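Undergrad: Could you look at this predicted model? Sequence included:
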Amino acid sequence: MSPFLASICQLCLAALLVSGALCIHRLVVGPDVADRAVALDTLTMVFIGVICTLCMLWSSALYFDAVWILTLVGFLSSAAIARYLEQGRLF
Amino acid sequence: MPSAWEVLIATALLVGTFFTAVSCLGLLRLPDVFCRMHAAGKAGTLGVCLVIVAAMLFFIASDWSVVLRGGLAIWFQLLTTPAATHLLARASYLTQYPITERTAVDELRTFLPSRPHETYGRE
């Protein structure tokens, strides 16, 4: 891990943390359930970015499985919230 | 002096982070849920895919399985994000989510005439 790439990774981590803070703001103030669902979806994307950047910063692929698992879980949560909104029940 | 490979990784990481940050900014600034979905679905997908590509390029020499797992993640992301966004948009339209009054064209209203008109611009 060169110092150039390490500093780039730390810069991206800072930017991703600010993005996550923006998502959490929308998650708190969002006027409706759909806004909060979209904010949660975007927060999952920010988490994926943070995990990838941390894997590179630590030079370890130990947590990389969480990336593709989080994509699937994020889709399931969005689909469940949408179905609950539209039909009033899950199953 | 960084090598060309590291510059490639850094470029992918920076552009991906930029698109993710822009998507979160749009989530904060845009007026209603359909505009917010537009920001989150397009820019967010592109940003996440570029960050995963950066990690794949970083680990391609040391750990070959990361390329496989990253490709799987990009495939799932491209597969699931449009479906999830479409489901949420349909659900919020059908549950009378108040559309912003700056909306110019609402073509779906001709197919779903049950939506009352006075829900426009009720923020």
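TA: Perfect, thanks for sending it.
Undergrad: Give me the pLDDT for B:Gly71.
TA: On pLDDT, B:Gly71 comes in at 93.
Undergrad: For burial, what's the neighbour tally of it?
TA: By the criterion of other C-beta atoms under 10 Å in any protein chain shown, B:Gly71 has 14 neighbours. The C-beta positions use only the backbone N, C-alpha and C, and glycine is treated the same way.
Undergrad: Likewise for B:Leu72?
TA: By other C-beta under 10 Å, the residues close to B:Leu72 number 17.
Undergrad: what residues are up against B:Ala83?
TA: Contact analysis of B:Ala83 by C-beta atoms under 8 Å, 6 or more residues apart in numbering or on different chains lists A:Phe75, A:Ala79.
Undergrad: Got phi/psi on it?
TA: Here is the backbone geometry of B:Ala83 (degrees, to the nearest 10): phi -70, psi -40.
Undergrad: Would you mind measuring from it to B:Gly41?
TA: Going from B:Ala83 to B:Gly41 by C-beta to C-beta, to the nearest Å gives 10 Å.
Undergrad: how about B:Thr45, phi and psi?
TA: Backbone torsions for B:Thr45, taken as degrees, to the nearest 10, come to phi -60, psi -50.
Undergrad: Surely B:Ala21 touches A:Ala14?
TA: No: with contact defined as C-beta atoms under 8 Å, B:Ala21 and A:Ala14 do not form a contacting pair (10.3 Å).
Undergrad: Give me the more crowded residue out of those two.
TA: Ranked by neighbour count (other C-beta under 10 Å), B:Ala21 and A:Ala14 place B:Ala21 first, with 21 against 11.
Undergrad: Could you find the closest non-adjacent residue to the more buried one?
TA: Take B:Ala21 and drop its neighbours on the chain: the residue closest to it by C-beta to C-beta, 6 or more residues apart in numbering or on different chains is A:Ser19, 4.6 Å away.
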